[in-house]
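Asks: Everything below, folded, please.
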Amino acid sequence: MWTSASRAPFKLLVAFTALACTAAGEPVLTGMWGAGNTTLVSDAQGGRLQTGCTLVRFAPVRADKDGAFNTSARLEQLSLAPPVGNGEADDALPEPPAQPATLAGRASGGTMTLTLSVEGQAPRTFTLVMGQRGTSARCL
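Replies: Alright, predicted model coming up:
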């Protein structure tokens, strides 16, 4: 959930959104990108993509000279529902295990085209805009 305190670092990050260079000279894609109900936030340590009630955590995104990238990821389902039963810890529904995934795409001119691939699921493609944030979903 986004709070005003958690937004502050992202606002600063958006201000400096760009293809930055690491010490090794490899471009690292950083910043906030979004559209619709999808937001991607990335920095040199990796990032996260939230679309609806799906959260994807990913490794650092290293783009080639044309802005193309491919990185490993882990897909998680979000649930904000309270535990079931009398509140005991063992009454809570177990979270489904994270699934291996891949993010691939291209960032160019303030637009990112991104494809999320998860084994056993049809690939999902997103078009995101630099500096934008998608709307948050209410997940149960």
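Asks: okay, CA-based contacts and neighbour counts for the rest of this
Replies: Will do.
Asks: Enumerate the beta-bridge partners assigned to V118.
Replies: Beta-bridge partners for V118, by DSSP bridges, are A101.
Asks: What score does it have for pLDDT?
Replies: pLDDT recorded at V118 is 92.
Asks: Now stretch 32-42: buried residues?
Replies: M32, W33, G34, A35, T38, T39, L40, V41, S42 (16 or more other CA atoms under 10 Å).
Asks: Please tell me the pLDDT value assigned to the fifth one.
Replies: You'll see T38 listed with a pLDDT of 94.
Asks: What of the first one?
Replies: Here the pLDDT value assigned to M32 is 95.
Asks: Spatially, which residue comes closest to it, not counting chain neighbours?
Replies: Nearest residue to M32 in three dimensions, chain neighbours excluded: V41, at 4.5 Å (CA to CA, 6 or more residues apart in numbering).
Asks: give me the beta-bridge partners of the one you found?
Replies: In beta-bridge terms (that is, DSSP bridges), V41 pairs with M32, R48.
Asks: low-confidence ranges in the chain?
Replies: Within the chain, the stretches with pLDDT under 70 are 1-27, 78-96, 140.
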